[in-house]
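A.B. asks: 3D model of this:
(chains A, B, C and D)
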Number of protein chains: 2
Amino acid sequence: MDTVGNTRTGPRPGLRERKKQRTRDALLRAAVELFTTRGYDHTTVDEIAAAVDVSQRTFFRYFSGKEEAALALQAMTVAHFVAAVRARPAHEPPMEALRRAVLDGWDRISEVIEAVVPVELYLRMYRVIESTPVLLAAHLRRSAETEEELARLIAEREGLDVDADPRPRVAVAVFGGVIRVTERLWSTGPDVSLEAMRTLTAEYLDQVGPVLAGDWRVR
Amino acid sequence: MDTVGNTRTGPRPGLRERKKQRTRDALLRAAVELFTTRGYDHTTVDEIAAAVDVSQRTFFRYFSGKEEAALALQAMTVAHFVAAVRARPAHEPPMEALRRAVLDGWDRISEVIEAVVPVELYLRMYRVIESTPVLLAAHLRRSAETEEELARLIAEREGLDVDADPRPRVAVAVFGGVIRVTERLWSTGPDVSLEAMRTLTAEYLDQVGPVLAGDWRVR
DNA sequence: TGTCAACTGTCAGAGGCTGTCATTAGCCTC
DNA sequence: GAGGCTAATGACAGCCTCTGACAGTTGACA
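C.D. replies: All right, here's what the predicted structure looks like:
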């Protein structure tokens, strides 16, 4: 099964495969639905399984744990983001490529998510993640893994050795740091629209340069 | 009780307090000892409690969970780092203050840690954290909290409003991003000496400027 | 010294997660 | 289309983390 979970392509699979896909989708939907209404901590795996009329054991055959179910939607968008970076023209400077890839990602998010759940639900889940300590922690760890992948990707683009030249990892770390700030501000702020996320991201990325200039008091 | 755990100052406390401190230290030592030898996942709370001859319930009265015990040493050094930033002279530019505070932190780490466990054990524990998914996740979440605290601190230094001016948060995010890269490289690399950590940190922080310059191929 | 409050141990139980094994249900061949 | 093969599932049993409740113990302090 596709780890990321919802790539529907190729020839029509057999009944068995279709059934599995349906079960997984149903579990994911039920989980997100419950998480966003009752909260992550107040939702038990038994409840999720019961909502889909499946045994608890089966839930754990589709998801490595409660956590994975909660982060599955995120994983999908992240995968598309990485693909977008990979697709950027080679002549773009690294930071520029990363910047355009995220902003593009936010623009295309509906296409990716809507196949499984309404985007609105995805946005609500995003806030659950940000406000639930264990989920935030897991999310940050995954972000670290993504950063490693991106660093290798950037190094390749620029014809560098990731383990010899610090710049790819530093670039991605700087970028990732800013992205995480915007994620948190957006999810705790008043305007949770996609447009707000876009402008916030762009605005904050623009601040990296000024920040390095020593004296901030002169604006 | 002090959350960070091991600030021994002020007048000599009563027998009860001293006993509590001893129990906590013993639990922490036992935990770290077991984590670094058997590994975090293969150590149960029962084993830690048994090693100190205390009930499992008591362990949970001193630490909110297994995780907190594993990150307690880290928490101590982080607290000292934040204090160091606070102590930097006001005329230093933000990034400079942060940089000097970390490097200072590494220099003084023995003074902070040695009161509880040998530094060597601390360094080994550091690597356990970095190589244990759940611990790394928790560590990253705490780092995010620290960043928020630092952002407020920097904003205050510079006479800015954290919620109005993006720069404090961006600065800290950039800094934190680089620090985390060095942490990971160091803990997975061949040379785990303190000196290696110091030079790695300095070297990588120096790369932030160059990274933002567009064309990397011209070195 | 006796009372109070803090600390501890014991017990019971919820919830996440795993191994095992029997049963069910697609799939494929003859 | 009957039967064998194998993947998927359900049903337990059990480990581990963590919490609440209650009773026993031990410093602190008048």
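A.B. asks: check contacts around A:Val181.
C.D. replies: A:Tyr204, B:Arg169, B:Val170, B:Ala173 (CB atoms under 8 Å, 6 or more residues apart in numbering or on different chains). In this view, the C-beta of every residue, glycine as well, is placed from N, C-alpha and C.
A.B. asks: which one of these is nearest to DNA strand D?
C.D. replies: B:Ala173 (28.4 Å; CB to the nearest atom of the strand).
A.B. asks: in the helix ranked longest in chain A, what counts as buried?
C.D. replies: Looking across chain A with DSSP state H, the single longest helix is helix A:133-158. With burial defined by 16 or more other CB atoms under 10 Å in any protein chain shown, the residues of helix A:133-158 counted as buried are A:134-144, A:146-147, A:150-151, A:153-155, A:157-158.
A.B. asks: okay, the angle between the very next helix or strand once past it and helix A:133-158?
C.D. replies: Counting by DSSP states H and E, the next helix or strand C-terminal to helix A:133-158 is helix A:167-188. Orientation of helix A:167-188 against helix A:133-158 (axes from the mean of the first three to the mean of the last three CA atoms, to 10 degrees) gives an angle of 140 degrees.
A.B. asks: the lowest-mean-pLDDT helix or strand in chain A close to chain B?
C.D. replies: When each helix and strand of chain A is scored by mean pLDDT, DSSP states H and E, helix A:208-212 comes last, with a mean of 87. Yes. Contact between helix A:208-212 and chain B, assessed by CB under 8 Å from any CB of the partner chain, occurs at A:Val208, A:Gly209, A:Pro210, A:Val211, A:Leu212.
A.B. asks: what about the closest residue to the third one other than its chain neighbours, how many residues close to it?
C.D. replies: It stands for A:Pro210. Closest residue to A:Pro210 apart from its sequence neighbours, by CB to CB, 6 or more residues apart in numbering or on different chains: B:Arg167 at 6.5 Å. The local packing of B:Arg167 (other CB atoms under 10 Å in any protein chain shown) involves 22 other residues.
A.B. asks: my guess is B:Arg167 meets A:Gly209, correct?
C.D. replies: No. Using CB atoms under 8 Å, B:Arg167 is not in contact with A:Gly209, being 10.6 Å away.
A.B. asks: tell me which parts of chain A are close to DNA strand C?
C.D. replies: A:14-17, A:19, A:43-46, A:56-57, A:60, A:64-67 (CB under 7 Å from any atom of the strand).
A.B. asks: stretch A:17-37 and DNA strand D, any residue contact?
C.D. replies: Yes. Stretch A:17-37 reaches DNA strand D (CB under 7 Å from any atom of the strand) through A:Lys19, A:Lys20, A:Thr23.
A.B. asks: between these, which is closest to B:Ala51?
C.D. replies: A:Thr23 (44.4 Å; CB to CB).
A.B. asks: touching, that closest one and A:Ser55? I think so.
C.D. replies: No. Using CB under 8 Å as the test, A:Thr23 is too far from A:Ser55 to be in contact (11.3 Å).
A.B. asks: rewinding a little: just the contacts of A:Val181 now: which is nearest A:Leu98?
C.D. replies: A:Tyr204 (13.1 Å).
A.B. asks: which other helices and strands contact the helix or strand that contains that closest one?
C.D. replies: Applying DSSP H and E as the criterion places A:Tyr204 in helix A:194-205. In terms of contacts (3 or more CB pairs under 8 Å, 6 or more residues apart in numbering or on different chains; DSSP states H and E), helix A:194-205 is packed against helix A:94-113, helix A:167-188.
A.B. asks: quick check: which ranges of chain A have low pLDDT?
C.D. replies: A:1-12, A:214-215, A:217-219 (pLDDT under 70).
A.B. asks: domain map for it?
C.D. replies: Domains of chain A are assigned by automatic domain parsing as A:7-64, A:71-211.
A.B. asks: tell me the most buried of these?
C.D. replies: Ranked by mean neighbour count, these are led by domain A:71-211 with a mean of 18 (mean count of other CB atoms under 10 Å in any protein chain shown).
A.B. asks: can you get me the start-to-end distance on it?
C.D. replies: 32 Å (CA to CA, to the nearest Å).
A.B. asks: contacts (any at all) between DNA strand D and that domain?
C.D. replies: No. Domain A:71-211 lies out of reach of DNA strand D by CB under 7 Å from any atom of the strand, never closer than 9.5 Å.
A.B. asks: circling back: helix A:94-113 and the longest helix of chain A, what's the angle between them?
C.D. replies: 130 degrees.
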